[in-house]
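Colleague: here is my input; please provide its structure:
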Amino acid sequence: MRRLAAVVLTGVALVSGCATEENPADPLQLAATLEPARPAASPEQGTAPHGRVVPLGRATAVAVAGGRVAVALADPPSVALYPADTLGEPVIVPLPGPAEQLVTVGDAVEAVVPAGAVVTIRPDGTTSQRAVDGAPADVVRVGERTLVAQRDLRQVSVDGHVVRGISSPDRLVAVGGAAVVLDRPRSAVFDLDPAADGPGAGLRAGEGATNAVADRFGRVLVVDTRGGELMAFSTGPLIMRLRYPVPGEPYGMAYDEARDLVWITLTGRNEVVAFDVSGAEPVERHRYATVRQPDSVAVDPGSGRVFVASGNGAGMQVIG
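Modeller: Residues are numbered from 1 along each chain as shown. Predicted structure coming up:
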């Protein structure tokens, strides 16, 4: 296990150093590049995927809500809603552009479309849409408030209020009454008080962090795709609690609260691995061969079934 290594900075220091290209002395910019990490280009499959594979086109995200498995498809831009129990004929919901994220909100999912919209999709396929400028990248609920990350505007909107000073708000994670923001180019995480004008404390998150989820213990779990690690951060204050090696270019993440499992796709190996995170150190419980390019993963909270969606059109894999 690698030794813990982190730098804590005050909110004032982060706000003053957030515009990295204008400030080469940015205290969080310790990486060799500001190029955000991306999923590895997966090799040819050497092992047949475990479980069942449902044919479909190139997927950009997958989520489970309201008895449906929602898969965002790139061409044409749409969401396919499958019955979670049978995976029978899906309902196809058109989108105004490819979705980057599918976020579960009760029985519905919200498709975050960087072209300028957040689309709410209900289990019966009906939708409502709201326009969002600034290339929306993610959305999350914190209590009664809705937070929307606007990547091009370098801000997070909170029901009309704006939190500025984040160079690239790429992922949002709700933790209690606050949130944590993941900045991919800087491979860093930030505390975010929805009522504040700017971000709070920040920490480096490896060499190329890409995705994050919250667990039931109030921690934020982050994968470092470039560095091959799983990290855990506690909040209030923001502290790195764990760094654990996960070779294979980890990328997609999903958390099973009922079983304390975090599922992580390994795009460099065409695998998905599950770690029990209930203890002081992750314990591997499952490892399966996947469809090629396993960029997205979701878990049915009731059954524990796992859905892995391919980013190159190899289909959706169902495990369990």
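Colleague: before we move on, which element is the residue nearest the centre of the chain in?
Modeller: The centroid of the chain falls nearest to residue 211 when counting by Cα atoms, centre = their mean (4.0 Å). Assigned by DSSP states H and E, residue 211 belongs to strand 209-214.
Colleague: strands paired with that strand, and their directions?
Modeller: Sheet pairing for strand 209-214, assigned by DSSP bridges, gives strand 220-224 (antiparallel).
Colleague: which residues does the residue nearest to the centre of the chain bridge with?
Modeller: For residue 211, the beta-bridge partners under DSSP bridges are residue 223.
Colleague: equivalent analysis for residue 129, please.
Modeller: Beta-bridge partners, per DSSP bridges, of residue 129: residue 119.
Colleague: can you pull out the low-pLDDT segments for the stretch 1-150 of the chain?
Modeller: Flagging of the stretch 1-150 of the chain using pLDDT under 70 yields the residue ranges 1-33.
Colleague: quick one on the thing from earlier: hmm, residue 251 and the residue nearest to the centre of the chain touching each other?
Modeller: Yes - at 6.5 Å, residue 211 counts as touching residue 251 under the criterion of Cβ atoms under 8 Å. No exception for glycine: its C-beta is placed from N, CA and C like everyone else's.
Colleague: all helices for the chain, in order.
Modeller: 11-16 (DSSP state H).
Colleague: residue 48 and residue 173, how far apart?
Modeller: 34 Å (Cβ to Cβ, to the nearest Å).
Colleague: between those two, who's got more neighbours?
Modeller: Taking neighbours as other Cβ atoms under 10 Å, residue 48 and residue 173 compare with residue 173 leading, 24 against 9.
Colleague: bridging residues for that one?
Modeller: Going by DSSP bridges, residue 173 forms beta bridges with residue 180.
Colleague: if I look at it, what pLDDT would I see?
Modeller: On pLDDT, residue 173 comes in at 98.
Colleague: tell me the contacts of it?
Modeller: The neighbours of residue 173, taking Cβ atoms under 8 Å, 6 or more residues apart in numbering as the test, are 140, 179-180, 182, 212-214, 220.
Colleague: just give me the closest of those to residue 54.
Modeller: residue 213 (23.7 Å; Cβ to Cβ).
Colleague: from memory the closest one sits against residue 254, does it?
Modeller: Yes - using Cβ under 8 Å as the test, residue 213 is close enough to residue 254 to be in contact (6.9 Å).
Colleague: where do the contact lists of the two overlap?
Modeller: residue 262.
Colleague: these two: which is more packed in?
Modeller: Using other Cβ under 10 Å, the more surrounded residue of residue 213 and residue 254 is residue 254, with 25 against 18.
Colleague: wait, that one sits on residue 263?
Modeller: Yes - using Cβ under 8 Å, residue 254 makes contact with residue 263 at a distance of 4.7 Å.
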